[in-house]
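J.: Build the 3D model from these lines:
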Amino acid sequence: TGVVPFVALLLLQRRPVAGRALLVTGTGCPSHGLCRSNVQEQTRRQVAVLNATAQELFSLYLKCQGEPFSSEADKLCNPAGIFFPAFRVNRTSERKEVMVAMYKLFAFLNASLGNITRDQEELNPMAKELLERLHNTTKTTRGLISNLTCLLCKNYNIFQVDVRYGDSSKGKSAFKKKQQGCQVLRKYVQVIGQAARVLLPHLSPS
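T.: Got it, this is the predicted structure:
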């Protein structure tokens, strides 16, 4: 499923760091044999699944938080005040630039989903459907990160991408935890469609 140790190492980096790709010319990149033969098609499917399910996840999240989130989502879930990785690539960007931007986006999202899932297990332990969707989205995201890692190594010899993560919700009030979750998921809905449109043309067979 990709280069898991590398991914696990990156996901432990919770400190805010500047997002940049480190180009490597030595022997640091793991063997290309770790890539599945259908890695591009698998990556395409994973992005499509995340894009297709993002709005449903956000809507279900709002429903499970109750009031005032259900009726004041536009106000309470406005993501303007939170950190989210800048996504400035487009269809005409270089493929390497797109892959690096995608990695930063989904590594951030994976860490954020872990944060949200932990909070919801505490605040809404009976919301089985929501928790299942969060777990499924996290599983898909982790698989996608693994495949992007593989493609970056195989095609560009990039084996480390510094990722900046958002703030942890630990120690915050229940309301703030719910709000941070809905802000992140609202932004995710806005960005995933753009990400899918940009990435999919770059995953066509070479």
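
J.: make it CA atoms for all contacts and neighbour counts henceforth
T.: Fine.

J.: any idea how far N110 lies from K128?
T.: N110 is 20 Å from K128, where distance means CA to CA, to the nearest Å.

J.: More neighbours: the two, which one.
T.: N110 (21 against 11; other CA atoms under 10 Å).

J.: Now do the strands for the chain: every range, in order, please.
T.: Across the chain, reading from the start of the chain, the strands by DSSP state E fall at 21-23, 158-161.

J.: worst average pLDDT in those?
T.: Summarising mean pLDDT across the strands of the chain, the least confident stretch is strand 21-23, with a mean of 43.

J.: Low-confidence bits of this protein, can you list those?
T.: Across the chain, the ranges flagged by pLDDT under 70 are 1-34, 204-206.

J.: Tell me where it has helices.
T.: With helices called from DSSP state H, the chain shows them at 4-11, 39-65, 73-76, 95-123, 128-156, 174-199.

J.: So which of those helices is nearest V163?
T.: Each of these was checked against V163 via CA to CA, and the shortest separation belongs to helix 95-123, namely 5.5 Å.

J.: now the angle between helix 39-65 and the closest one, please.
T.: Helix 95-123 runs at 30 degrees relative to helix 39-65, counting by axes from the mean of the first three to the mean of the last three CA atoms, to 10 degrees.

J.: list the buried ones in helix 95-123?
T.: Within helix 95-123, the residues that qualify as buried are 95-96, 98-113, 115-120, 123, counting by 16 or more other CA atoms under 10 Å.

J.: With distance to S168 added, can I get the helices of the chain in a markdown table?
T.: A markdown table is the format used below for the helices of the chain (distance: least, CA to CA, whole Å):
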| stretch | distance to S168 |
| --- | --- |
| helix 4-11 | 13 |
| helix 39-65 | 18 |
| helix 73-76 | 18 |
| helix 95-123 | 7 |
| helix 128-156 | 17 |
| helix 174-199 | 9 |
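
J.: Can you tell me how far N124 is from Q40?
T.: From N124 across to Q40, the span is 37 Å (CA to CA).

J.: These two - which one has more neighbours?
T.: Neighbours were counted for N124 and for Q40 using other CA under 10 Å; Q40 has more, 21 against 15.

J.: Which residue is the nearest non-sequential neighbour of the more buried one?
T.: Distance criterion CA to CA, 6 or more residues apart in numbering; nearest residue to Q40, sequence neighbours excluded, is L203 at 5.7 Å.

J.: for the one you found, what are its contacts?
T.: Contact criterion CA atoms under 8 Å, 6 or more residues apart in numbering gives Q40, E41, T43, R44 as the residues in contact with L203.

J.: OK, contacts around the third one?
T.: Just to be clear, that refers to T43. L144, N147, L148, L203.

J.: Would you confirm that L123 contacts A174?
T.: Yes: in this structure, L123 is within contact of A174 by CA atoms under 8 Å, at 7.3 Å.

J.: for stretch 36-53, the distance to its chain's centre please.
T.: Going by CA atoms, centre = their mean, to the nearest Å, the spacing between the C-alpha centre of stretch 36-53 and its chain's C-alpha centre is 13 Å.

J.: same question but for stretch 59-73, I mixed them up
T.: Centroid separation for stretch 59-73 versus its chain: 22 Å, with CA atoms, centre = their mean.

J.: Sounds good, over and out.
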